[in-house]
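Visitor: After the sequence you'll find the predicted model.
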Amino acid sequence: MSVATERYARSQANFAAAQAVIPGGVNSPVRAFRGVGGTPIFFDRGQGAYVWDVDGNRYIDYVLSWGPLLLGHAHPTVAQAIAEQAQRGTSFGAPTELETELARLVIDLVPSIEQIRFVNSGTEATMSALRLARAATGRRLIVKFTGCYHGHADMLLVQAGSGVATLGLPDSPGVPPAVAAETITVEYNDLDAVANLFANRGAEIAAVIVEPIAANMGFVLPKPGFLSGLREMTQRYGAIFILDEVMTGFRVAPGGAQALWGLDPDLTCLGKVIGGGLPVGAYAGKRQYMQLVAPAGPMYQAGTLSGNPLAMIAGLTTLRTAFANDGAAFEQAVTLTTNLANGLRDLGTRYRIPLQVGNVGTMFGCYFLRHPDAQITNYAEAKANADTQRYARFFWAMAERGVYLAPSQFEAGFVSTAHTAADIEQTLAAAEEAFAQL
Ligand SMILES: N[C@H](C=O)CCC(=O)O
């Protein structure tokens, strides 16, 4: 990959220094830029829709810290709320009113949620939701979908997407085979395979966990009837249906994918946007299950910093701001996302570059395909049909033109309420130049 090294000189020096003291120089593998064959860009600051790297280059940001920054970087109201709370204390290890306020707001927004427990990350959320599903059913098996990523807990690091897909890893050493054996994987969108599984082992299955949009293998939409079919089947066999809305929550609609598509999961996992840019996660759902969580019930789960006031105020302020005035700011971001996706589709057609562009709400994804007639509806097809080398060239061509996209084709993109029509125009102009080069 030919990357203009002078432009990233300071990033590269930073990376060399980081590698000496941090494994691979990064604190999460997707930050290593392995999916685009270069070395990471180190960032210095962000404001609104823009980020600046340590070399002083400015970018329109479509990563937004992998989704949380629905209002963009350093939104003044969020920044002020965090600063004021920091003055009052950053953590008490005891309840605060803010937790109840955020819980109420989430319950108002997301249709299936009756109670919620805050944790510190999406990984904690999915891990706890699965423990709860096993506690509620007395069963052990978990069904997940190949290429979906639900964080890095042992039982979920099986055929996972995101960084695992980007690095091309099969699974992870360190996950005990006995633990992995209790997670059964099925291709995304393959309802027949799930039906077979339930027919054979239905009495052993504690839960089905799924991303409503498979946004950790790029951007794969559920086929019509796939998610409602999972709901129906889990109900029939007495298993728990867990919707992992860490990515889609408050991004595809104020009430998440479940509100958009009329789904009624037993449990929902949340993260990213509800922390407004600070570390947070949550698992939530029907009262009958949530009442099993200690101390209301016997299923133990805890956390020193869970529900900490900084994350709570950042999340509250973010959600209140995004959905004020009947969600006008959110709707504007949805319109811009649609315009961006349509613009990319048009360019693909004009320059005869086979693309599969998807968008829902403020999320989008863009696969470069190996063949004009290829399509991607699951992980096997993503691995076979996504032209990762061409995406890498596109990524760096866009970065040189001041547009920061996900440094892997197996990740989704995000738009914030801070993006403007001019940003989208500038992005499409950069994409046109990049396409002409490709
Ligand atoms: N796709 C991942 C999370 O949703 C990317 C973030 C990470 O692993 O650091």
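Guide: That came in fine, so what should we check first? Numbering: from 1, shown residues only.

Visitor: Please list the residues of the stretch 151-300 of the chain that sit near the ligand.
Guide: The stretch 151-300 of the chain comes close to the ligand at residues 162-163, 216, as judged by C-beta under 6 Å from any ligand atom. (Each C-beta comes from the backbone N, C-alpha and C, glycine too.)

Visitor: mind redoing it with 5 Å?
Guide: Residues of the stretch 151-300 of the chain lying close to the ligand (C-beta under 5 Å from any ligand atom) are 162, 216.

Visitor: which sections of the stretch 151-300 of the chain are below the confidence cut-off?
Guide: Along the stretch 151-300 of the chain, the model assigns pLDDT under 70 to residues 170.

Visitor: got the contact list for the nearest residue to T96 once chain neighbours are set aside?
Guide: Nearest residue to T96, sequence neighbours excluded (C-beta to C-beta, 6 or more residues apart in numbering): P309, at 5.2 Å. Contacts for P309 (C-beta atoms under 8 Å, 6 or more residues apart in numbering) come out as 85, 88-92, 96, 98.

Visitor: Of these, grab the buried ones for ChimeraX.
Guide: Command for ChimeraX that selects the buried part of the contacts of P309, burial taken from 16 or more other C-beta atoms under 10 Å:
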select :85,96,98
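
Visitor: filter the contacts of P309 down to the ones near the ligand?
Guide: Okay, of the contacts of P309, nothing touches the ligand (C-beta under 5 Å from any ligand atom).

Visitor: my guess is G37 meets A392, correct?
Guide: Yes - applying C-beta atoms under 8 Å, one finds G37 in contact with A392, separated by 4.9 Å.

Visitor: Tell me which of the two has more neighbours.
Guide: Each of G37 and A392 has its neighbours counted (other C-beta atoms under 10 Å); A392 has more, 22 against 17.

Visitor: Under a three-state scheme, what state does the more buried one occupy?
Guide: Under DSSP: H, G, I helix; E, B strand; the rest coil, A392 falls in the helix class.

Visitor: Give me the spatial nearest neighbour of it, chain neighbours excluded.
Guide: Leaving aside its chain neighbours, A392 sits nearest to V36 (4.2 Å; criterion: C-beta to C-beta, 6+ apart).

Visitor: Against A203, how distant is G343?
Guide: Using C-beta to C-beta, to the nearest Å, G343 is found at 50 Å from A203.

Visitor: Which one's more surrounded, these two?
Guide: Neighbours were counted for G343 and for A203 using other C-beta under 10 Å; G343 has more, 18 against 12.

Visitor: okay, now the domains of this protein?
Guide: 6-74+325-437, 76-322 (automatic domain parsing).

Visitor: Tell me the residue of this structure that sits nearest the ligand?
Guide: Per C-beta to the nearest ligand atom, S28 is where the chain lies closest to the ligand, at 3.2 Å.

Visitor: Tell me how far stretch 341-350 lies from the chain's centre.
Guide: For stretch 341-350, the gap between its own C-alpha mean and the chain's C-alpha mean amounts to 24 Å (C-alpha atoms, centre = their mean, to the nearest Å).

Visitor: what does that stretch contact?
Guide: Applying C-beta under 8 Å, 6+ apart, the contact partners of stretch 341-350 are 353-355, 357-359, 364, 366, 424, 427-428, 431-432, 435.

Visitor: so how many other residues sit close to P176?
Guide: Neighbours around P176, by other C-beta under 10 Å: 10.

Visitor: Centre-most residue in the chain?
Guide: With distances taken as C-alpha atoms, centre = their mean, the residue of the chain nearest its centroid is M247 (3.2 Å).

Visitor: For the lengthiest helix in the chain, buried residues please.
Guide: What stands out as the longest helix in the chain, according to DSSP state H, is helix 324-350. For helix 324-350, the neighbour count (16+ other C-beta under 10 Å) marks 329-334, 336-341, 343-345, 347-348 as buried.

Visitor: Following that helix in sequence, what is the next regular element?
Guide: strand 355-360 (DSSP states H and E).

Visitor: Residues in contact with that following strand: which ones?
Guide: Strand 355-360 has contacts (C-beta under 8 Å, 6+ apart) with 213, 219-221, 248, 252, 257, 260, 337-338, 340-341, 344-345, 348, 364-369, 374-376.

Visitor: Tell me which of those fall in strands.
Guide: If you go by DSSP state E, the contacts of strand 355-360 have 364-368 in strands.

Visitor: Go through these and name the one nearest L141.
Guide: For the ones in strands among the contacts of strand 355-360, the residue nearest L141 by C-beta to C-beta is G365; the value is 30.2 Å.

Visitor: isn't that closest one right next to F410, touching?
Guide: No - in this structure G365 lies outside contact range of F410 using C-beta under 8 Å: 9.2 Å.

Visitor: which residues sit in contact with the nearest residue to A180 once chain neighbours are set aside?
Guide: Spatial nearest neighbour of A180, chain neighbours left out: V158 (5.1 Å); criterion: C-beta to C-beta, 6+ apart. By C-beta under 8 Å, 6+ apart, the residues touching V158 are 144, 171, 175, 180, 183, 185.
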